[in-house]
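Student: Build me a model from this:
(2 chains)
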There are 2 protein chains.
Amino acid sequence: MSKIIEMLEAQWRGNKFVCVGLDPDIQKLPKKFNQLDPEDAIADFCMQIVDATQEFVCAYKPNFAFFEQYGPDGLRALRHVVSHIHATAPDAIVILDAKRGDIGSTSSALACAAFDVWGADAITVNPYLGRDAIQPFLDYKDKGVIVLCRTSNKGATEFQNLRVGDQPLFMRVARAVADEWNGHGNCGLVVGATAPQELNEVRQAVGNMPILVPGVGAQGGDLQHVLRAGLTADGGVLINVSRSVLYASNDQDFAQAARKEVERMNVEIKHFLVEVSR
Amino acid sequence: MSKIIEMLEAQWRGNKFVCVGLDPDIQKLPKKFNQLDPEDAIADFCMQIVDATQEFVCAYKPNFAFFEQYGPDGLRALRHVVSHIHATAPDAIVILDAKRGDIGSTSSALACAAFDVWGADAITVNPYLGRDAIQPFLDYKDKGVIVLCRTSNKGATEFQNLRVGDQPLFMRVARAVADEWNGHGNCGLVVGATAPQELNEVRQAVGNMPILVPGVGAQGGDLQHVLRAGLTADGGVLINVSRSVLYASNDQDFAQAARKEVERMNVEIKHFLVEVSR
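Tutor: Numbers count the residues shown, from 1 in each chain, chains lettered A, B, ... in the order given. Predicted structure coming up:
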């Protein structure tokens, strides 16, 4: 079993299923951050969120685009935030949400960037180019490769739900990842909470494979359903929340408000686990 | 018509069809670059390639991953190279090869980064998430959005050639882009030179839409075929070459060798144009 899955299972044994997405947007930060340069503001903000929430989370998911939009200094902030997570919350998994995928030597460069430069433990990738585009990521055996399967946006159905043979495309992707790409046991899938039926189908097809589920909270996905459909005996799900945690308050108490929101989710998850174990 | 297409058509009227991909890899640079920091080496190298080749090219395609692998300083080099192209070769189009695509506010951040931060005129995007994921890019009406359709790698067939209804997935993507996504007239497609039959089919379906064709040269695609299948009355193709130009020589004369290789391609293209006009 890949080291990354061992790390995840340890988190799940501690009943930690929440992943906090780090999507820093200076327009939305509490006023006090206005005094800082954008890159310092987003780094400080994210690190305070990490400090306040780490007791309750299994993973952090920094979103590359939200750092990239502030240029090279924004990406320096990304590296700083990732280092901070590793130093202060060493059990938390850092998933770089970058939806990468390219051919040959380019994918090798992307994998090197994700794992060696930015310091991520796992990355999200896009399957459209096929397995050889993802192989350089898979070859980092101790790192996680989380493949987009059925995304949480409205337009996801345009291609992902097209029927290929007797199944929709997203199921073909799910099965390819589970049956063929997962030789090192380091794969996962992304399935949106906004597509509950699809989440059921994917879970049925992929055994215990970890599923990262965005879309609970601001996008309207239902936590109870995600748990019912996604949980396995080992755990099996990372439930991502971003905006509803990061911007739980836009005042001085933002970090405490973020902590409360994650804690509230954890309580709901624990109640669910008690219910199903009865 | 979008400003970006006007720029492209002006280049095509000048018989310029070659796009030089900027995939800098310090391992492959001429020895003299060893004395520099990686970010200075890749910037200097790319700028010398640009200076030597601009007479013969319609576009440059910096590959984000090859800069990203050198961290924030590598991306500072990217910005520097893009500025240099705009300053010294103002007619050349800068296509950021980044294969982006994400949901909602993340795609907005990606589009902002590509066009406002890195300074690109156009970007490559991945269609798997559907149109709403691409809309923030499309909304930059004067910028180009070049959608992956049929890529040049061997694994491309795994999903792209699956049949959905009466056509393969890549044709469904091509038609969606041509018929629905191109309201601002700023879309293009990527079709690999290694898939000549697919290139024929796509051209038949999408009218005059610009097609970026990677895969000639090191990947084995055939220039004559690309011209036969891809050219339209207005031009219609950007033929990308990377390694065979960048690393035409790994000695002091690398820039001159790059120039010669692009010039050689241009002569072959002009011969072809004379042949077909007879």
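Student: secondary structure class for the spatially most central residue of chain A?
Tutor: Most central residue of chain A, judged by C-alpha distance to the mean C-alpha position with C-alpha atoms, centre = their mean, is A:K61 at 4.8 Å. Of the three states, A:K61 takes strand according to DSSP: H, G, I helix; E, B strand; the rest coil.
Student: Relative to A:L96, how far out is it?
Tutor: 8 Å (C-beta to C-beta, to the nearest Å). Quick note: C-beta positions are derived from backbone N, CA and C, even for glycine.
Student: Over to A:T194?
Tutor: Distance from A:T194 to A:L96, by C-beta to C-beta: 22 Å.
Student: Settle it for me: which of those two has more neighbours?
Tutor: A:L96 (27 against 21; other C-beta atoms under 10 Å in any protein chain shown).
Student: residues contacting the more buried one?
Tutor: A:61-62, A:64, A:82, A:114, A:118, A:120, A:122-124 (C-beta atoms under 8 Å, 6 or more residues apart in numbering or on different chains).
Student: Pick out the most distant pair among these.
Tutor: Maximum pairwise distance in these, criterion C-beta to C-beta, is 14.9 Å, between A:V82 and A:T124.
Student: Between those two, point out the one with more neighbours.
Tutor: Legend: neighbour count by other C-beta under 10 Å for A:V82 and A:T124, higher for A:T124 (27 against 22).
Student: Would you map the helices across chain A?
Tutor: For chain A, applying DSSP state H gives helices covering A:3-13, A:38-53, A:64-68, A:71-88, A:104-112, A:131-138, A:157-160, A:169-176, A:196-206, A:223-230, A:243-246, A:254-277.
Student: other SSEs contacting the second one?
Tutor: Applying 3 or more C-beta pairs under 8 Å, 6 or more residues apart in numbering or on different chains; DSSP states H and E, one finds that helix A:38-53 contacts strand A:18-22, helix A:71-88, helix A:243-246, helix A:254-277.
Student: for the longest one, same thing?
Tutor: Using 3+ C-beta pairs under 8 Å, 6+ apart, the elements in contact with helix A:254-277 are strand A:18-22, helix A:38-53, helix A:223-230, strand A:237-241, helix A:243-246.
Student: How about residues contacting that helix?
Tutor: A:15-18, A:20, A:30, A:45, A:48-49, A:51-53, A:55-57, A:223-224, A:227, A:231, A:239, A:241, A:244-249.
Student: Just the buried residues out of those, in PyMOL syntax.
Tutor: Command for PyMOL that selects the buried part of these, burial taken from 16 or more other C-beta atoms under 10 Å in any protein chain shown:
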select buried, chain A and resi 16+17+18+20+30+45+48+49+52+53+56+57+223+227+231+239+241+244+245+246+247+248
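Student: Check the stretch 1-150 of chain A for the residue nearest chain B and tell me.
Tutor: A:G130 (3.0 Å; C-beta to the nearest C-beta).
Student: Quick check: which ranges of chain A have low pLDDT?
Tutor: Applying pLDDT under 70 to chain A flags no residue at all.
Student: hey, which of the helices and strands packed on helix A:38-53 is tucked in deepest?
Tutor: With neighbours defined as mean count of other C-beta atoms under 10 Å in any protein chain shown, these peak in mean count at strand A:18-22, which reaches a mean of 25.
Student: ok, A:R175 touching A:A205?
Tutor: Yes: counting by C-beta atoms under 8 Å, A:R175 touches A:A205, with 5.8 Å between them.
Student: List phi and psi for A:N126.
Tutor: The phi and psi values for A:N126, taken as degrees, to the nearest 10, are phi -100, psi 130.
Student: what sits against the closest residue to A:N186 other than its chain neighbours?
Tutor: Excluding the flanking residues, the one nearest A:N186 by C-beta to C-beta, 6 or more residues apart in numbering or on different chains is A:S2, at 3.9 Å. Contact analysis of A:S2 by C-beta under 8 Å, 6+ apart lists A:141-144, A:184-186.
Student: Of those, just the buried ones, PyMOL syntax please.
Tutor: Here is the PyMOL command that picks out the buried ones among those, judged by 16+ other C-beta under 10 Å:
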select buried, chain A and resi 143+144+184+186
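Student: Determine which two of the contacts of A:S2 are furthest apart.
Tutor: Maximum distance among the contacts of A:S2 (C-beta to C-beta): 11.7 Å, for A:K143 and A:G185.
Student: Figure out the length between the terminal residues of stretch A:58-71.
Tutor: 29 Å (C-alpha to C-alpha, to the nearest Å).
Student: Show me which positions of it end up buried.
Tutor: Applying 16+ other C-beta under 10 Å to stretch A:58-71 flags A:58-71 as buried.
Student: so, if you compare these, which one comes nearest to A:G235?
Tutor: A:C58 (8.4 Å).
Student: Wait, the closest one touches A:E9, no?
Tutor: No: using C-beta under 8 Å as the test, A:C58 is too far from A:E9 to be in contact (10.0 Å).
Student: The closest residue to A:L223 other than its chain neighbours and B:D97, how far apart?
Tutor: Counting by C-beta to C-beta, 6+ apart, the nearest residue to A:L223 once its immediate chain neighbours are dropped is A:V216, at 5.2 Å. Going from A:V216 to B:D97 by C-beta to C-beta gives 34 Å.
Student: tell me the phi and psi of A:L162?
Tutor: Torsion angles, degrees, to the nearest 10, at A:L162: phi -60, psi 140.
Student: again, but for A:P24
Tutor: phi -70, psi 130.
Student: Nearest residue to it in space, please, no chain neighbours.
Tutor: A:I42 (3.8 Å).
Student: Can you report how many residues neighbour that neighbour?
Tutor: By other C-beta under 10 Å, neighbour count at A:I42 equals 28.
Student: wait, isn't it in contact with A:Q69?
Tutor: No: with contact defined as C-beta under 8 Å, A:I42 does not reach A:Q69; the gap is 9.6 Å.
Student: and A:P210, what is it in contact with?
Tutor: A:5, A:8, A:144, A:146, A:188-189, A:235-238.
Student: now with 10 Å?
Tutor: Contacts of A:P210 were listed using C-beta atoms under 10 Å, 6 or more residues apart in numbering or on different chains, and they are A:4-5, A:8-9, A:12, A:59, A:93, A:122, A:144, A:146, A:186-189, A:230, A:232, A:234-238.
Student: ok, now A:T232?
Tutor: A:12, A:203, A:206-211.
Student: Quick one: buried ones out of those residues?
Tutor: A:12, A:203, A:206, A:209-211.
Student: so can I have JSON lines of those residues showing distance to A:A257?
Tutor: Shown next, in JSON lines, are the buried ones among the contacts of A:T232 (distance: C-beta to C-beta, whole Å):
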{"residue": "A:W12", "distance to A:A257": "26"}
{"residue": "A:R203", "distance to A:A257": "32"}
{"residue": "A:V206", "distance to A:A257": "35"}
{"residue": "A:M209", "distance to A:A257": "33"}
{"residue": "A:P210", "distance to A:A257": "28"}
{"residue": "A:I211", "distance to A:A257": "28"}
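Student: Just flag the most distant two among those residues.
Tutor: That would be A:W12 and A:V206, which, of the buried ones among the contacts of A:T232, are the farthest apart (C-beta to C-beta) at 16.2 Å.
Student: could you measure A:K143 against B:D234, distance?
Tutor: 46 Å.
Student: And A:K141, by the same measure?
Tutor: 49 Å.
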